[in-house]
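[1] turn this into a structure:
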Amino acid sequence: MKGLRLIGILACSVLLCSCAGKQQATATAPVQNEYPGVSRIEGVSLETVRQEAKVTTGYKNIVLNPIQTDSQFGKDYPDMASQFQISMLSHLKDKNSYKQVALRDAANQSAKANTLIADVRVIDMRIVSTGARFWGGAMVGSSYMNVYLKLTDAVSKKLIHEKIITTNNNAFASAWALGSEQSLPMDMGKIIGEYICVVAPAI
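    Next up is the predicted model:
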């Protein structure tokens with residue numbers, strides 16, 4: 001009986017690990033092929049992005065276009081885009097540096113001076129489920145999120161800056177802190193918001 005129970009547990013572990021692997025399979029085409037010439041920074045955190053150099057003298061207003069993402073990511077992680085977007089907007093507003101921080105919609109389509117347009121696209125991601133992490137531990141791999149950021153002057157339409165920014169969790173640490181990686185979209189939203197504040201500071 002104990003042998004059958006052990007076999008059952010192992011079978012469940014394999015199944016859950018397999019499900020975790022399917023999440024990774026939703027990745028888009030290789031980043032370097034889709035964004036030739038765009039540099040990237042990897043394994044970022046709030047602390048590391050604060051060390052980036054500013055690329056412009058600054059702006060008074062930040063307007064964020066709706067988050068772009070692959071349709072498959074929307075199916076696999078239905079709340080991801082909204083969590084990511086809300087977190088980024090909240091972080092930018094909480095800095096209390098810019099005159100206005102807003103999501104672009106039909107009400108604010110007109111270009112204003114000293115306004116920076118931020119386009120953000122989630123190009124690759126994987127969030128290991130709590131169940132898969134519980135059964136598979138570090139063996140199911142890391143969760144990660146890769147984001148393309150483009151900053152454009154609202155009036156001149158000039159490209160100010162573009163970057164691929166990636167972050168990932170520690171699989172071993174996540175095995176001990178179950179559920180922690182589910183906050184990855186919100187954490188990444190703060191990181192991207194901080195990155196914008198650093199490279200395009202308010203004036």
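[2] please count neighbours and contacts with C-alpha atoms only from this point.
    OK.
[3] so what strands line up beside the longest strand seen in the chain?
    The longest strand of the chain (DSSP state E) is strand 115-126. Sheet pairing of strand 115-126 (DSSP bridges) gives strand 61-64 (parallel), strand 68-69 (parallel), strand 144-153 (antiparallel).
[4] what mean pLDDT does the helix or strand that the last one is followed by get?
    For strand 144-153, the following helix or strand on the C-terminal side (DSSP states H and E) is strand 159-168. The average pLDDT within strand 159-168 is 93.
[5] other SSEs contacting strand 159-168?
    Judged by 3 or more CA pairs under 8 Å, 6 or more residues apart in numbering; DSSP states H and E, strand 159-168 is in contact with strand 40-41, strand 144-153.
[6] and residue 83, how many neighbours?
    Residue neighbour count, defined by other CA atoms under 10 Å, stands at 17 for residue 83.
[7] so it: helix, strand or coil?
    helix (DSSP: H, G, I helix; E, B strand; the rest coil).
[8] and if you look at residue 54?
    Residue 54 - assigned by three-state DSSP - is coil.
[9] next one: the residue nearest to residue 147 when sequence neighbours are not counted relative to residue 95, how far apart?
    Nearest residue to residue 147 in three dimensions, chain neighbours excluded: residue 122, at 4.6 Å (CA to CA, 6 or more residues apart in numbering). To residue 95, residue 122 is 23 Å away according to CA to CA, to the nearest Å.
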